[in-house]
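Enquirer: build me a structure from this.
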Amino acid sequence: MSEPEVVEADDSVDGDWSERVRATYLEVRAPLWRALLAWSGSVDVADDAVAEGFAQVLRRGPVVRDPAAWVWRASFRLAAGDLQRRRRSAGTVGVDALLGVAGATDRLPDDAIDLVGALAHLSEQQRQCIALVDVAGHTAPSAAAVLGTSAATVRVQLMRGRRRLRALLDGTTDGAPAPEVER
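Expert: Modelled structure (predicted):
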């Protein structure tokens, strides 16, 4: 009776996967972080969501066919959950809650803090669309894929959000001054 053939594990599959994720990280990390910061208003939320998104894609392995698309969707969902938890625990909603914990904005230039403060006055959907298209460079169809909506919805929300954002940053919001963000 012959012994069964021993089949060794194919390390090339894991190596290829790790390299794909590494390449995805180098390509996606910076625009993803900027988009999450613009959308959430929190450096900490953006940091945590990007890190956890990539950790989860690594854990899932090669069953994820498109790691970049998967990380975008997962990171936005993780950030949404994190923001919701922070708002519940703080008992507040609005600019202060969106700007995260005290000191988190110390790493941002003043004009970025102003932009994040103005973005906080948009609807969540408008913020998401602006973050994905204007900050991260997605097209309307690819942003729609991340958000699970249609490209037409993204375009409408972009138009409305940009109009509102322009008014907020110019200080022309129905005669009221532009919102001040505490630094």
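Enquirer: contacting residues for the nearest residue to residue 76 once chain neighbours are set aside?
Expert: Of all residues not flanking residue 76 in the chain, residue 146 sits nearest, at 6.2 Å (Cβ to Cβ, 6 or more residues apart in numbering). Quick note: C-beta positions are derived from backbone N, CA and C, even for glycine. Residue 146 sits next to 69, 72, 73, 76, 132, 138 when contact means Cβ atoms under 8 Å, 6 or more residues apart in numbering.
Enquirer: and what of residue 31?
Expert: By Cβ under 8 Å, 6+ apart, residue 31 lies in contact with 135, 136, 137.
Enquirer: tell me which element it is part of?
Expert: Taking DSSP states H and E as the criterion, the element that holds residue 31 is helix 11-40.
Enquirer: same question for residue 113.
Expert: Assigned by DSSP H and E, residue 113 belongs to helix 110-119.
Enquirer: which secondary structure elements does that helix contact?
Expert: Counting contacts by 3 or more Cβ pairs under 8 Å, 6 or more residues apart in numbering; DSSP states H and E, helix 110-119 packs against helix 11-40, helix 151-170.
Enquirer: only C-alpha atoms, please: export the last one in CSV.
Expert: This means helix 151-170. Output of helix 151-170 as CSV, limited to C-alpha atoms (Å, rounded to 0.1, in the frame of the first residue of the first chain):
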residue,chain,number,x,y,z
ALA,A,151,-25.0,57.5,-10.0
ALA,A,152,-28.0,59.9,-10.6
THR,A,153,-28.5,60.2,-6.8
VAL,A,154,-24.8,61.0,-6.3
ARG,A,155,-25.0,63.7,-9.0
VAL,A,156,-28.1,65.3,-7.4
GLN,A,157,-26.5,65.2,-3.9
LEU,A,158,-23.3,66.7,-5.3
MET,A,159,-25.1,69.6,-6.9
ARG,A,160,-27.1,70.3,-3.8
GLY,A,161,-24.2,69.8,-1.5
ARG,A,162,-21.8,72.0,-3.5
ARG,A,163,-24.3,74.8,-3.7
ARG,A,164,-24.9,74.7,0.1
LEU,A,165,-21.1,74.4,0.8
ARG,A,166,-20.3,77.3,-1.4
ALA,A,167,-22.9,79.4,0.4
LEU,A,168,-21.6,78.3,3.8
LEU,A,169,-18.0,79.1,2.9
ASP,A,170,-18.8,82.4,1.3
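Enquirer: I appreciate the help and will end here.
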